[in-house]
Structure formats: structure tokens, C-alpha cells
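> 3D model of this:
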Amino acid sequence: MTTTGINNGKVLVLMNFIPTRLEGLYVVEPEVHGDSRGFFMESYSQATFAEHGIDTPFVQDNHSLSAQSGVIRGLHYQLNPHAQTKLVRVITGAIYDVAVDIRPNSSTFGQWVGVILSEANKRQLLIPRGFAHGFCTIVPNTQVLYKVDAFYSPEQDRGILWSDPALNIDWPTVNPILSGKDQEHPLLVNAELNF
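Presented below is the predicted three-dimensional model:
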């Protein structure tokens, strides 16, 4: 799905929405306009997203810095009624971004998609509610910025173990750097889900 606009009689591609094999999960490619000064891009437009049936009222931006490569953050999610849709992008560096379908009634429950997001490719990942999310940094000093459509709720904050053998996620590191919290999440089979 591609959104276009018209400027001085020229058709401009504003954003490309690439569906993945998991329903509701999209790779979003903004149109990047570059010249000798640098570049300009529209990273988010409520109208453009609405044209694709994505009418998500984002309420908060989160920004993380990982100083080393091999940092894994995740797999995180929030329970209803504070579940979150996320729009994830990389400002500097690169990540392997992973979304896991944790909707028990979904035909793709327990399946995941991994996508490289980087400052070079400027791709974004739109992750709907009912997915666990995590990423692994590929290069040092990686900054990730993501929008969410629900505020952080400590009472609803949950996670799944990054190395769950049932998921068998192909992370790009064998010696991840993890927070204490991310080392102790349960396996998917024991996770609390209400989607």
C-alpha cells in the first residue's frame, strides 16, 4: 500500500506500507527527499496512516540509547486496557526489531517477524496491540524512538523471555546485554495474556 500526494502536478510517494505475514504488522517506508544539505522526510502523518485504516491516536514518544551492540530490550507488552500500538524507528545506529503475535485467538499466535531498522534505511515498524516487542542493537550508540497510543502503566507491564525456545527467535547476538528485568520474564506458555 502506497500513499501519494500531488505537488505542482507531480505525484509524490509519501509513505509505503508493507504488510508482513502477521496481520496488522507493517513495515513503513517514508519517502526520503535528499540533497547536498542532507534529507527531509515525513516520519508520521495522521492523515496518511488513516488512509490505510490505521487511526491510532499516539499519546507518547519514547526514546532509548543503547551504548553497545548486542543490547536486547524486550520482549515487552502491556495488558488491556493499557495495551499499546507502537511505531518504532531508529534515529542513529541499527537494530534487529522483533514483534511476536501474542493474541491467543490469532492463527499466527506465537509467530514472530524480525526487521532491520536503521538510520540508513529509515524504515519503521508499526506494531499493533496484542504483540510483544523487543529489539537487539546491531551497532553501538543506537538511538530508538517510538510512538505509543497508551501511556505506560506499571500495573499492566509484562514481558516474555527473549530466549524462549518455543519462539526460537534468531537474534543477531549470542551474548546479549540484558537488564535484570528482561532476564526474568516468563516463557510465552506461562505469560499473562488478555488480548
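> give me the low-pLDDT residue ranges for the protein?
Filtered on pLDDT under 70, the chain yields the residue ranges 1-13.
> That one: strands as residue ranges?
Using DSSP state E, the strands assigned to the chain run over residues 2-7, 10-19, 26-30, 32-35, 38-41, 60-66, 72-78, 86-92, 94-101, 112-118, 124-127, 131-137, 142-148, 157-159.
> Any chance of the ones you listed in CSV with mean neighbour count and distance to Q183 as columns?
(Each C-beta comes from the backbone N, C-alpha and C, glycine too.) Below are those laid out as CSV (neighbours: other CB atoms under 10 Å; distance: least, CB to CB, whole Å):
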stretch, mean neighbour count, distance to Q183
strand 2-7, 12, 41
strand 10-19, 14, 33
strand 26-30, 20, 29
strand 32-35, 10, 38
strand 38-41, 10, 36
strand 60-66, 14, 16
strand 72-78, 23, 10
strand 86-92, 21, 22
strand 94-101, 25, 17
strand 112-118, 19, 19
strand 124-127, 25, 22
strand 131-137, 25, 13
strand 142-148, 20, 20
strand 157-159, 17, 10
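> Ok, which of those strands comes nearest I54?
Of all the strands of the chain, strand 124-127 sits nearest to I54, with 6.9 Å by CB to CB.
> For the longest helix anywhere in the chain, list every residue counted as buried.
As assigned by DSSP state H, the longest helix anywhere in the chain is helix 46-51. For helix 46-51, a neighbour-count test (16 or more other CB atoms under 10 Å) marks T48, F49, E51 as buried.
> just checking, the first one touches N16?
No: under the criterion of CB atoms under 8 Å, T48 is not in contact with N16, lying 10.5 Å apart.
> Skip the chain neighbours and tell me the closest residue to N80.
Nearest residue to N80 in three dimensions, chain neighbours excluded: N194, at 5.1 Å (CB to CB, 6 or more residues apart in numbering).
> Please apply the same query to V28.
Q124 (4.2 Å).
> ok, now which ones touch the one you found?
Remark: with contacts taken as CB atoms under 8 Å, 6 or more residues apart in numbering, Q124 is in contact with V27, V28, E29, P30, S43, L87, V88, R89, L117.
> Which of those residues sits closest to D61?
Nearest to D61 among the contacts of Q124: L87, at 9.4 Å, using CB to CB.
> got the contact list for that closest one?
So L87 contacts V28, Y44, T56, F58, Q124, L125, L126, I127, Y146, K147 (CB under 8 Å, 6+ apart).
> Done for today, thanks.
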